[in-house]
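Engineer: Sharing a model that was predicted from the sequence below.
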Amino acid sequence: MELGINEIREITKVMAAYPDMNYTNYSLSFLKRRLSKVFTQSSLRRLDLLQEKLKDVNFRDEIMSEIMVNTTEMFRDPALWRTLRDKVLTNMPVGSDKIWFPVESDGEETFSLALVLHEKGLGDKYKIICQTPSRLRFENISKGVVNQDKFETNLTNYKRLEDKNCYADYFEKDNGKTVLLEQYRSNIECRLSCYFSQAMPENSVALIMFRNISIYYNHLLARKAFRILINSLIPGGYLIIGVKERLPKELADELEVVDANENIYRKPASNNYSYYV
C-alpha cells in the first residue's frame, strides 16, 4: 500500500502517543517506504484500523522493528574498524569504561566491536552498552544471534581487517541459528529502550558508535540526537558517525575532527591528548 505525505503525518501522529514511537521528525521518504511495507504486510487499508491494531504491543513491536535499518553484516567498512582498532582504542580517555551504541538494530556492530576488543586483550576493560526499542531485536541481540546468510560477507570483512582465519571459531550453532559464543559477548549489555527517552548520563561514555542513523532524521531530530550524544561523552571521548552523515553546524564546533575520512570526532579534553590525523 502506497502512503501519501498527509497519511504519513497522520500515522506518525497516532503512533507518537505510544512510548518510544515518536517518528514525527524522521525523513518522510524513509517513513513512506517503511510504513507502506507495514501496511501491506498487515493488510491495512484504513487509518482507523491502525489505531485499533496499535493497542497490541506485539504489533507496535513489529512496527518498531520494521522501521529500524539493518546493519546486515559484521565489520562493515573494514577501514573504519582498522582505524578504530589501531588508533582509537590505543588512545582512549581515562575516566570511563563504557562504549555506547545508542541504536543497535541487529547486533552486528556491537558484536564486531566485542571481537575487536577481545583480540586486543581489552574485553575485560570496557563494557559495551547497546539499545534497541524493539523487543524482538533485543531478544536476538541478547542471545548473540547473527545473520547466517551474511556469513561469507562477514568472513571477507574480517579477513580484510585481521588477515586471520579464526572468524568461524567465535560462533556456534544453536537451534539452527548462528550465535556468537557467550564468552565473547559477556561484556555486552543490551537494553530494551530508546536513547531519546533513556540516554546515558552526562559525561559517562568513552566511545559512541552512531553510524548511519541520523541520515534518516530531519535537522531538528538530528540536532536533538547529537546534543544527547555530545553531552554523554566524557572529555576526550570519541564519537564515530557514518561517512555520509554530518554533524549539525551549530554543534560541530563542540567536537574536534580526529579523522575526516572516517568521520571520527573527539570531545575536547582538559588534558593534552595526542590527536592523530
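Structural biologist: Looks like it arrived, so ask away. Model, not experiment: these values are computed from the prediction.
Engineer: Can you tell me the SS state at residue 207?
Structural biologist: Secondary structure state of residue 207, per DSSP: H, G, I helix; E, B strand; the rest coil, is strand.
Engineer: roughly how far apart are it and residue 112?
Structural biologist: Using CB to CB, to the nearest Å, residue 207 is found at 13 Å from residue 112. From N, CA and C alone the C-beta is placed, and that goes for glycine too.
Engineer: what about the strands in the stretch 51-200 of the chain?
Structural biologist: 98-101, 127-132, 145-146, 171-174, 177-180, 188-192 (DSSP state E, counting those that start in this stretch).
Engineer: can you put these in CSV and add mean pLDDT, mean neighbour count and distance to residue 262?
Structural biologist: Output for these, formatted as CSV (pLDDT from 0 to 100; neighbours: other CB atoms under 10 Å; distance: least, CB to CB, whole Å):
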stretch, mean pLDDT, mean neighbour count, distance to residue 262
strand 98-101, 98, 24, 17
strand 127-132, 97, 23, 19
strand 145-146, 94, 21, 24
strand 171-174, 94, 13, 27
strand 177-180, 94, 19, 25
strand 188-192, 97, 19, 23
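Engineer: Which one, of the ones you listed, ends up nearest to residue 42?
Structural biologist: Closest to residue 42 of the strands of the stretch 51-200 of the chain is strand 127-132 (CB to CB; 21.2 Å).
Engineer: Run the angle between that closest one and strand 188-192 for me.
Structural biologist: 30 degrees (axes from the mean of the first three to the mean of the last three CA atoms, to 10 degrees).
Engineer: Please work out which residues outside strand 127-132 touch it.
Structural biologist: Residues from elsewhere that reach strand 127-132, judged by CB atoms under 8 Å, 6 or more residues apart in numbering: 68, 97-105, 107, 110, 113-114, 117, 138, 141, 187-195, 198, 200.
Engineer: Now find how far off-centre that strand is within its chain.
Structural biologist: Put simply, strand 127-132 sits 9 Å off its chain's centre (CA atoms, centre = their mean, to the nearest Å).
Engineer: ditto for stretch 248-267
Structural biologist: 18 Å.
Engineer: And for stretch 161-177?
Structural biologist: 22 Å.
Engineer: tell me the secondary structure for the closest residue to residue 47 other than its chain neighbours?
Structural biologist: Sequence neighbours aside, residue 10 is the residue nearest to residue 47 in space, at 6.0 Å (criterion: CB to CB, 6 or more residues apart in numbering). When classified by three-state DSSP, residue 10 comes out as helix.
Engineer: Can we start the residue count at 39 from this point?
Structural biologist: That works, and once the first residue is 39, the last one we named lands at residue 48.
Engineer: Looking at residue 48 now. What's its pLDDT?
Structural biologist: Looking at residue 48, its pLDDT is 91.
Engineer: Quick check, it in contact with residue 86.
Structural biologist: No: when contacts are counted by CB atoms under 8 Å, residue 48 is not listed as touching residue 86 (10.7 Å).
Engineer: Among the two, which residue is more densely surrounded?
Structural biologist: residue 48 (14 against 9; other CB atoms under 10 Å).
Engineer: would a markdown table of the strands of the stretch 89-238 of the chain with distance to residue 267 be doable?
Structural biologist: Conversion of the strands of the stretch 89-238 of the chain to a markdown table gives the following (distance: least, CB to CB, whole Å):
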| stretch | distance to residue 267 |
| --- | --- |
| strand 136-139 | 8 |
| strand 165-170 | 12 |
| strand 183-184 | 26 |
| strand 209-212 | 31 |
| strand 215-218 | 26 |
| strand 226-230 | 16 |
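Engineer: Give me the distance between the residue lying closest to residue 102 once chain neighbours are set aside and residue 145.
Structural biologist: Nearest non-adjacent residue to residue 102, counting by CB to CB, 6+ apart: residue 172, 4.5 Å away. Going from residue 172 to residue 145 by CB to CB gives 12 Å.
Engineer: ditto for residue 156
Structural biologist: Between residue 156 and residue 145 the computed distance is 15 Å (CB to CB).
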